[in-house]
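[1] I'll drop the sequence and a predicted model, then ask my questions.
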Amino acid sequence: MSTTNHDSPFAVSAVGLRKSYGDKTVLDGIDLRIPAGSVFALLGPNGAGKTTTVKILSTLVTADGGRAQVAGHDVATSPDGVRAAIGVTGQFSAVDGLITGEENMLLMADLHHLSRREGRRVTARLLERFDLVDAARKPAQSYSGGMKRRLDIAMTLVGDPRIIFLDEPTTGLDPRSRHNMWQIIRELVSDGVTVFLTTQYLEEADELADRIAVLNDGGIAAEGTADELKRLVPGGHVRLRFSDPAAYRSAAGALRGAARQDEALALQIPSDGSQRELRAILDRLDSSGIEADELTVHTPDLDDVFFALTGSGRPNRPMETAR
């Protein structure tokens, strides 16, 4: 008997999902709750189980344990209901390079049992939306990486899914194509679509996701908004720089516990970057009649969060956003 719950406030929910391949446990009881109309990003090192999670939720793989619902349908007992409500785009394009972009779209329309007239209407609308009209009648193998990825998502949208799984959708794209893809994702969400995103690009998750979960060793190591996750990691500080050595020495005396950088005439004070802490530092300087020439606030970024929670080394990040 199928289990359907259309009243659930969550587009995707899972409790205790487990999956092993032989002796290797990939997922060891993870829980997920993703509100409709939001972007959820699942981060994790290679082999952490991101793609396995997507495959389970999209009914491509059966979980060993736990339960999950997608669009109100139980993935185990109502897989057809799940498939009718979702779209899936993997990190490797499903585009057939030997036929044209338009033919790829029409083939997808046939798979969704659209009439010939409706299929052509939907194809024309999506080709225009994704700026592929000029290339529509060219073989898809001649497309750039960014064009193929746009076509891939356009094909996914033929069935008008309300939930889309994007498994590392910008892998291999150049910076401009990656930013174009981000804009497409934002437009999808503005239309009410729920996006489940897996990525190794931390900048991507920071830009797009309403909530982020970090997957490591088979479990969710942490979950929250980007700002909430950044506050989990120590290392935030305020840096004060002085041009007057006397002012620097006075500030060092007033701010006990500050790390000194004598050659740079700079002080580093641990801080979470909150307005309250900044005000306290400035009040201590003001009460001593000291004025810093430069104040900068440094907070951990998602790279720091990823490294601290997974211990797996620095993840990928676009070169143009390196700090």
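    That came in fine, so what should we check first? It should be emphasised that the depicted structure is a prediction, and the values quoted were computed from it without experimental measurement.
[2] what bits of the stretch 201-323 of the chain have low per-residue confidence?
    For the stretch 201-323 of the chain, residues meeting the criterion pLDDT under 70 lie at 312-323.
[3] which residues in it form helices?
    Counting by DSSP state H, counting those that start in this stretch, the stretch 201-323 of the chain forms helices over residues 202-208, 226-230, 245-254, 275-287, 302-310, given from the N-terminal end onward.
[4] Pick the most deeply packed of those.
    For the helices of the stretch 201-323 of the chain, the largest average neighbour count (mean count of other C-beta atoms under 10 Å) is found in helix 202-208, namely a mean of 22. For glycine as for every other residue, the C-beta is placed from the backbone atoms N, C-alpha and C.
[5] Tell me, how many residues neighbour R241?
    Using other C-beta atoms under 10 Å, the number of residues around R241 comes to 15.
[6] Check L17 too.
    Look at L17: counted by other C-beta under 10 Å, it has 25 neighbours.
[7] I'd like to check which residues are in contact with the closest residue in space to K138 that isn't next to it in sequence.
    With C-beta to C-beta, 6 or more residues apart in numbering as the criterion, K138 has its nearest non-adjacent residue at 6.0 Å, and that residue is T100. With contacts taken as C-beta atoms under 8 Å, 6 or more residues apart in numbering, T100 has the following neighbours: A136, R137, K138, P139, A140.
[8] Report the contact partners of the fourth one.
    The neighbourhood of P139, defined by C-beta under 8 Å, 6+ apart, consists of G97, L98, I99, T100.
[9] neighbour-wise, which of the residues you listed leads?
    Neighbour counts for these (other C-beta under 10 Å) peak at T100, which has 20 neighbours.
[10] got a pLDDT number for that residue?
    At T100, the model reports a pLDDT of 96.
[11] how near is it to A135?
    Shown here: T100 relative to A135, a distance of 8 Å by C-beta to C-beta, to the nearest Å.
[12] I figured S144 hits L173, correct?
    No. S144 is not in contact with L173 according to C-beta atoms under 8 Å; the separation is 9.1 Å.
[13] which intervals of the stretch 1-150 of the chain have sub-threshold pLDDT?
    Residues of the stretch 1-150 of the chain meeting the criterion pLDDT under 70: 1-8, 91-93.
[14] What's the local residue count around the nearest residue to K230 once chain neighbours are set aside?
    In space, not counting the residues next to it along the chain, K230 is nearest to P300; the distance is 5.0 Å by C-beta to C-beta, 6+ apart. Residues contacting P300 under the criterion other C-beta under 10 Å number 20.
[15] Now the residue nearest to K138: phi and psi?
    Per-residue torsions, T100: phi -70, psi 170 (degrees, to the nearest 10).
[16] so who does D96 touch?
    Neighbour list for D96: E103, N104, L107, A140 [criterion: C-beta under 8 Å, 6+ apart].
[17] Of those residues, just the buried ones, PyMOL syntax please.
    The buried residues among the contacts of D96 can be selected in PyMOL (16 or more other C-beta atoms under 10 Å) with this line:
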select buried, resi 103+104+140
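[18] now the contacts of D96 as TSV including secondary structure and distance to L215?
    Supplementary listing: the contacts of D96 in TSV, determined by DSSP: H, G, I helix; E, B strand; the rest coil; distance: C-beta to C-beta, whole Å:
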residue	secondary structure	distance to L215
E103	helix	37
N104	helix	32
L107	helix	34
A140	helix	32
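[19] sorry, back to before: what residues are bridge-paired with the residue nearest to K138?
    Counting by DSSP bridges, T100 is bridged to P139.
[20] how near is it to L106?
    In this structure, T100 and L106 are separated by 9 Å, where distance is defined by C-beta to C-beta.
[21] Closest one to L111 out of the contacts of T100, please.
    Minimum distance to L111 across those is 16.4 Å, recorded for A140 (C-beta to C-beta).
[22] Name the residues of stretch 128-145 that are buried.
    Applying a neighbour-count criterion of 16+ other C-beta under 10 Å, the buried positions in stretch 128-145 are F130, L132, A135, A136, A140, Y143.
[23] Quick check: end-to-end length of it?
    As for stretch 128-145, its first-to-last residue distance stands at 18 Å under the measure C-alpha to C-alpha, to the nearest Å.
[24] I'd say A226 and L202 touch.
    No. A226 lies out of contact with L202 (C-beta under 8 Å); the separation is 9.2 Å.
[25] Between these two, which contacts overlap?
    Shared contacts of A226 and L202, defined by C-beta under 8 Å, 6+ apart, comprise L302.
[26] number of nearby residues for the nearest residue to D64 once chain neighbours are set aside?
    Ranked by C-beta to C-beta, 6+ apart and with sequence neighbours excluded, the top spatial neighbour of D64 is R18, at 4.7 Å. For R18, the count of nearby residues is 16 (other C-beta under 10 Å).
[27] Show me what the strand or helix carrying R18 is packed up against.
    Assessed by DSSP states H and E, R18 sits inside strand 10-21. Counting by 3 or more C-beta pairs under 8 Å, 6 or more residues apart in numbering; DSSP states H and E, the packing neighbours recorded for strand 10-21 are strand 24-35, helix 50-57, strand 65-70, strand 194-199.
[28] That concludes my questions; thank you for your assistance.
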